[in-house]
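**Q** generate a structure from the sequence data that follows.
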Amino acid sequence: PQPDTLDQLIGRFGLSFPGTAEFSAFARETLPGIDPAGAPDYALIAWMEHEEALFRHLERELVSERLRSGFIEEGQADVDGFLSFSLSVQNRRKSRAGYALGHHVEAILQAHEVSYTREATTEKRNAADFLFPGEDEYADRRYPDDQLAMLAAKTSCKDRWRQVLAEADRIRTKHLLTLEPAISKIQTAEMQGQRLQLVLPSSLHSTYQADQRDWLMGVGDFLG
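**A** Numbering: from 1, shown residues only. Predicted coordinates for the structure are as follows:
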C-alpha cells in the first residue's frame, strides 16, 4: 500500500531519487513508534519495509513518466534506449536495497552505542561492512583477536556468502546479517563448517526448519 508519507517525500525531494543515506534517513524519520534500542529485530524489518514502499511508489511515478514519453528516435523505436532504461531500473532496485540495509543496520548500532567502523579495510584491500570495535584496533596486532568481530550485511545470500570468508583473516567466526528466508540445510551446514554465523531478524527464523533455528542468531542476539 502507498505510505502516507509519499507526498511528503515528493515534497522534500521532488520527482527524483535522493541519495541512499538521505532516503533511508527519511524512511526512519517518517515511521514513528520504532524503538531500535529496545526492539532491533522489529526495527530493522519495519524500516526496510517502509523504505521499500516509499521507493516502489516513487519509482512508479518516475518510470510512468518516462514510459509516457515513449522510446522513439527519428520515427523509429529506440530499442537500445529502452533496454538501457530497463537495465538502469533493475540495477537501481538491487543496489538501493543493499545500501538501505547497511544504513538501517548502522542506525541500530548507533542506537546501541556500539563502536564500529563501516566499510573497513582489512587485509589485501578486502572490506568488511562493519568491523568491531574498529579499523584501528583491527590493524593493531597487539589488540586481542578474540575481541574483534565483523558483520557483513547482504539482503540475500545465494552463493555470495562465501565472499565474507575472506574479509577479515584475524576473525575466526564471521557474522553475516541477511534478510533471505528459508536458506537450505545444505547451505547452512556449509556455513557452519566455514565458521560463518547467520544473523536474521527474529521474524524470519520461522521460515527455517526447526533444527536450523537453534543455530540462528537474531539482531538482538548479535548486539548482546
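**Q** ranges for the helices of the chain?
**A** With helices called from DSSP state H, the chain shows them at 6-13, 20-29, 40-69, 79-111, 135-139, 185-193, 210-213, 219-223.
**Q** of all the ones you listed, which one is nearest A128?
**A** helix 135-139 (8.3 Å; Cβ to Cβ). For the C-beta atoms, the positions are set from N, CA and C on the backbone; glycine is no exception.
**Q** and V63, what is it in contact with?
**A** V63 makes contact with V89, according to Cβ atoms under 8 Å, 6 or more residues apart in numbering.
**Q** what pLDDT does the residue nearest the centre of the chain get?
**A** Taking Cα atoms, centre = their mean, the centroid of the chain lies closest to L101, which sits 2.2 Å from it. Per-residue pLDDT puts L101 at 97.
**Q** I'd guessed it sits against E180; true?
**A** No: between L101 and E180 there is no contact under Cβ atoms under 8 Å: 11.2 Å.
**Q** shared neighbours of these two, anything?
**A** Taking Cβ under 8 Å, 6+ apart as the contact criterion, the common neighbours of L101 and E180 are K154, T155.
**Q** beta partners of Q76?
**A** Note on Q76: beta-bridge partners E73, judged by DSSP bridges.
**Q** so P40 sits against V219, correct?
**A** Yes: contact criterion Cβ under 8 Å: P40 and V219 qualify, at 4.5 Å.
**Q** who touches both of those two?
**A** In contact with both P40 and V219: I108, using Cβ under 8 Å, 6+ apart.
**Q** count the residues that sit near the closest residue to A111 other than its chain neighbours.
**A** Excluding the flanking residues, the one nearest A111 by Cβ to Cβ, 6 or more residues apart in numbering is P36, at 4.0 Å. Applying other Cβ atoms under 10 Å, we find 22 residues neighbouring P36.
**Q** now do the same contact list for E137.
**A** Listed by Cβ under 8 Å, 6+ apart, the contact partners of E137 are Y143, Q147, L148.
**Q** can you tell me how far the closest residue to the first one other than its chain neighbours is from L131?
**A** Counting by Cβ to Cβ, 6+ apart, Y143 lies nearest to E137, which is 4.6 Å off, once chain neighbours are set aside. Spatial separation of E137 from L131 under the definition Cβ to Cβ, to the nearest Å is 8 Å.
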